[in-house]
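Participant: pasting a predicted model and its sequence here:
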Amino acid sequence: AQSVTQLGSHVSVSEGALVLLRCNYSSSVPPYLFWYVQYPNQGLQLLLKYTTGATLVKGINGFEAEFKKSETSFHLTKPSAHMSDAAEYFCAVSRYTGGGNKLTFGTGTQLKVEL
Amino acid sequence: EPEVTQTPSHQVTQMGQEVILRCVPISNHLYFYWYRQILGQKVEFLVSFYNNEISEKSEIFDDQFSVERPDGSNFTLKIRSTKLEDSAMYFCASSEAGAPLHFGNGTRLTVT
């Protein structure tokens, strides 16, 4: 079974400050890891993904995440927060089966960006 | 960029009624999914669909739920007899083999 734990259901940062959203996973097989963002009244948009290869992955909007197998973590970071980053962020783990790429989501972290 | 589209954006129904939620996946994708998000809770997997059959389903996806790909473009989720606890945002997604899922904007289902 796979699972994801996101520490902190709400994170608040100042505009221009570092954004750090934490995600730890549990998986019995090498995981695929994802971060999705959900803006109000919208669907889930893929920010970035890790499958294999380079452990530091870069995504859209200046976000990046580092896969650390020893820590079973995949934390999301952005050097400088912008007001437009305010949204809910979901970490997800998946395994590919012959029938698709089933995702298991964390509970989400609501990011608030303050002036 | 191609996207997954869902209709309607909001559906209100009475308890016990049947609802059909509709989705048009990205045209070259072969894998289709439904997820739901009850207000304030995590996004949960319901079902995946490939090669015209269900490939995996969760324990949430009981006999009240069914999925169908009636033609070459649509993918539907039917709830036969809705319950209050079915109120949620339902997300459709599609993907290529082993690739990330692309989600639609969701249908908010309200059961009264």
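Facilitator: Looks like it arrived, so ask away.

Participant: what about the residue nearest the centre of chain B, helix or strand, and which?
Facilitator: Note on chain B: the residue nearest the mean C-alpha position is residue B:34, at 3.4 Å, using C-alpha atoms, centre = their mean. Per DSSP states H and E, residue B:34 falls inside strand B:31-37.

Participant: just checking, what packs against the next helix or strand after that strand?
Facilitator: Counting by DSSP H and E, the element after strand B:31-37 in chain order, helix or strand, is strand B:43-50. Judged by 3 or more C-beta pairs under 8 Å, 6 or more residues apart in numbering or on different chains; DSSP states H and E, the packing partners of strand B:43-50 are strand A:100-105, strand B:31-37, strand B:53-57, strand B:65-68, strand B:75-79. (C-beta placed from N, C-alpha, C; glycine too.)

Participant: separation between the most centrally placed residue in chain A and residue B:28?
Facilitator: Most central in chain A under C-alpha atoms, centre = their mean is residue A:35, positioned 3.1 Å from the mean C-alpha point. As for residue A:35, its distance to residue B:28 is 24 Å (criterion: C-beta to C-beta, to the nearest Å).

Participant: check residue A:2 too.
Facilitator: 27 Å.

Participant: the two: which is more packed in?
Facilitator: Shown here are residue A:2 and residue B:28; by other C-beta atoms under 10 Å in any protein chain shown, residue A:2 has more neighbours (17 against 8).

Participant: contacts only, for that one.
Facilitator: A:25, A:26, A:27, A:28, A:31, A:93, A:94, A:95, A:104 (C-beta atoms under 8 Å, 6 or more residues apart in numbering or on different chains).

Participant: adding secondary structure, write those residues out as JSON lines.
Facilitator: Written out in JSON lines, the entries for the contacts of residue A:2 read as follows (DSSP: H, G, I helix; E, B strand; the rest coil):
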{"residue": "A:25", "secondary structure": "strand"}
{"residue": "A:26", "secondary structure": "strand"}
{"residue": "A:27", "secondary structure": "coil"}
{"residue": "A:28", "secondary structure": "coil"}
{"residue": "A:31", "secondary structure": "coil"}
{"residue": "A:93", "secondary structure": "strand"}
{"residue": "A:94", "secondary structure": "strand"}
{"residue": "A:95", "secondary structure": "strand"}
{"residue": "A:104", "secondary structure": "strand"}
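
Participant: ok and the residue in chain B nearest chain A?
Facilitator: residue B:55 (2.3 Å; C-beta to the nearest C-beta).

Participant: do you know the pLDDT at residue 108?
Facilitator: I'll assume chain A. In this model, residue A:108 is scored at 95, pLDDT.

Participant: wrong chain, I was asking about chain B
Facilitator: 96.
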